[in-house]
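1. what's the 3D shape of this:
(3 chains)
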Amino acid sequence: MGKRTKMLRVARYRPERAPTPYFDEYEVPYADDTVVLDALNHIKDDIDGSLSFRWSCRMGVCGSCGMMVNGEPRLTCAAFLREFPARSAIVVEPLQYFPVIRDLVVDMSDFLDKLKEVKPWMIRAEEKAVEAGEYLQTPEEIDVYTQFSGCINCMLCYSACPVVGQDPEFLGPAAIALAHRYNLDSRDEGRAERREVLGQETGVWDCTFVGACTEVCPKDVDPAAAIQRSKVEAATHGLQALVWPFGRRA
Amino acid sequence: MSVTQGGRSPVYVRPMPRTWWLRTRRYRRFAIRELTSVAVTASSVILLALLFALSRGRDAYEGFLGWLDSSGAVVLSAIILAGVLYHTITWLRLTAHIQVVRLGRRVLPRHLVLAGLLTLWVAVSAIVAYLHIWL
Amino acid sequence: MAALLLPVHVAILGIALAAGWLPSDALSYERALDLVRHPITKVYLGVLVALPLYHAAHRLRFVIHHQLGLHGGRRLVAAACYGTALAGTALTVVALVRI
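-> Numbers count the residues shown, from 1 in each chain, chains lettered A, B, ... in the order given. As a prediction, this is how the structure comes out:
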């Protein structure tokens, strides 16, 4: 047919067949608008139905299709085959620093636990009754946290972070960024509750500001900034508590 | 290695290589950034050596200045200076990245914060140089 | 912080001196004593020399743990790093007091 093709070198892990991962190579046709996810679906549909991987919206908003593409954490629905050099195979592997369940599917339960730890929801001392009306916010108050609310939980930042790789207990970029998002929300009153989780050694203090998380984030959340600002907050609060231990400020 | 979880299919945990920091360009840049801390320590040590020489009297001090004049010292200083400069500039960029500067209702854009920090740095350096050399 | 001030000092002592860009008596013994004996200079130098040692100690600790992958003996590494910084600070104070 004369269509352009590229080689994909895809990581496989099928514990019922072999105890360790291996690679399979596939030749896939592509056009200018073909993304890695399209290639994987082509492989599954027409070449090798046994390949397993996660995906959903295929437009960069659900966060399901994160994988390592040539060693970089990418959303495969946003990685175009035309980006990559013509001759070499494109290497597709499961997200780094997570255990592999099968082929390109990773175990994300650790991440979900860490997310729950930071209580990424509105915490209020007293909920307003519905009849009392909405919680009002000015545009400026919304601007303060909007950026950090863009997180789609795709976990690319965890795969970029060498501290996550070294210390599996580290809370990680997305969890801290989301905690920060709620701390900044004027409607939220849960700062004190999140403080202990953030302030532990495996919380914000494990971060050495490599900055890779921010660089790979597909939604410009800038988790690195969130973490460093959380550090400043944690340190300032610690100092205040030292100087004025009567706990007047929240 | 495979880890069996409650009778389900074993998950595979990939070991993190010890040379992880050499594997991507981004990680290598980070490693260089951290290594420049060594240059910073070295410059501290040179200043400390100068102060010690000064405290031990004229001969020790002038001897130290003589060493600073040697080509070996200059090469070393150039390397240390490069490291310290890289350290300072990356540090300023990171600070501009995370420090939110508010003017009333507006937030100052990052490149302006960085410009401000760089200007501050040059100004402070100029003042120190003046005091060091001419006062 | 000290990161702002160190470059100019290294430039002056390490490069400008050897290059002959400084006025001839700028770093003379008498003038140096004069400058350093001033209490403000002593505080400035104390901070300038000592502070980077802690910052570097902190970074070095992380380099050892994360980049060299040595995870054992966390307390020992921390003690060695910050201890060295403390020693450096002590030496600085000694030198400054004797001037």
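
2. the spatially closest residue to residue B:14 that is not a sequence neighbour: neighbouring residues, count only.
-> With sequence-adjacent residues excluded and distances taken as C-beta to C-beta, 6 or more residues apart in numbering or on different chains, residue B:14 is closest to residue A:100, at 7.0 Å. Heads up, the C-betas are built off the backbone N, CA and C, glycines and all. Other residues lying near residue A:100 total 23 when counted by other C-beta atoms under 10 Å in any protein chain shown.

3. ditto for residue C:77
-> Neighbouring residues of residue C:77 were enumerated by other C-beta under 10 Å; the total is 17.

4. returning to that earlier point: what sits against the residue nearest to residue B:14?
-> If you count contacts by C-beta atoms under 8 Å, 6 or more residues apart in numbering or on different chains, residue A:100 has them with A:11, A:13, A:21, A:94, A:106, A:107, B:11, B:12, B:13, B:14.

5. phi, psi of the residue of chain B found nearest chain C?
-> With distances taken as C-beta to the nearest C-beta, chain B approaches chain C most closely at residue B:77, which sits 2.4 Å away. Dihedral pair for residue B:77: phi -60, psi -40, per degrees, to the nearest 10.

6. with residue A:105 instead?
-> Per degrees, to the nearest 10, the residue geometry at residue A:105, taken as phi and psi, is phi -100, psi 130.

7. so for the residue in chain A that chain C sits nearest to, what's the pLDDT?
-> Taking C-beta to the nearest C-beta as the measure, chain A has residue A:208 as its residue closest to chain C, at 4.9 Å. Residue A:208 carries a pLDDT value of 90.

8. distance of it from chain B?
-> Separation of residue A:208 from chain B (C-beta to the nearest C-beta, to the nearest Å): 8 Å.

9. give the contact list for that residue.
-> Listed by C-beta under 8 Å, 6+ apart, the contact partners of residue A:208 are A:163, B:34, C:59, C:62, C:66.

10. make sure it is indeed in a strand.
-> No. Assessed by DSSP: H, G, I helix; E, B strand; the rest coil, residue A:208 does not belong to a strand; its assignment is coil.

11. now render the contacts of residue A:208 as a markdown table, adding pLDDT, distance to residue A:223 and secondary structure.
-> Converted to a markdown table, the contacts of residue A:208 look like this (pLDDT from 0 to 100; distance: C-beta to C-beta, whole Å; DSSP: H, G, I helix; E, B strand; the rest coil):
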| residue | pLDDT | distance to residue A:223 | secondary structure |
| --- | --- | --- | --- |
| A:163 | 93 | 12 | helix |
| B:34 | 87 | 20 | helix |
| C:59 | 82 | 21 | helix |
| C:62 | 81 | 18 | helix |
| C:66 | 73 | 18 | helix |
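
12. and the helices in chain A?
-> Listed in chain order, the helices of chain A (DSSP state H) span A:36-42, A:109-117, A:139-146, A:156-160, A:162-166, A:173-184, A:191-199, A:212-216, A:223-243.

13. deepest-packed of those, please.
-> helix A:156-160 (a mean of 28; mean count of other C-beta atoms under 10 Å in any protein chain shown).
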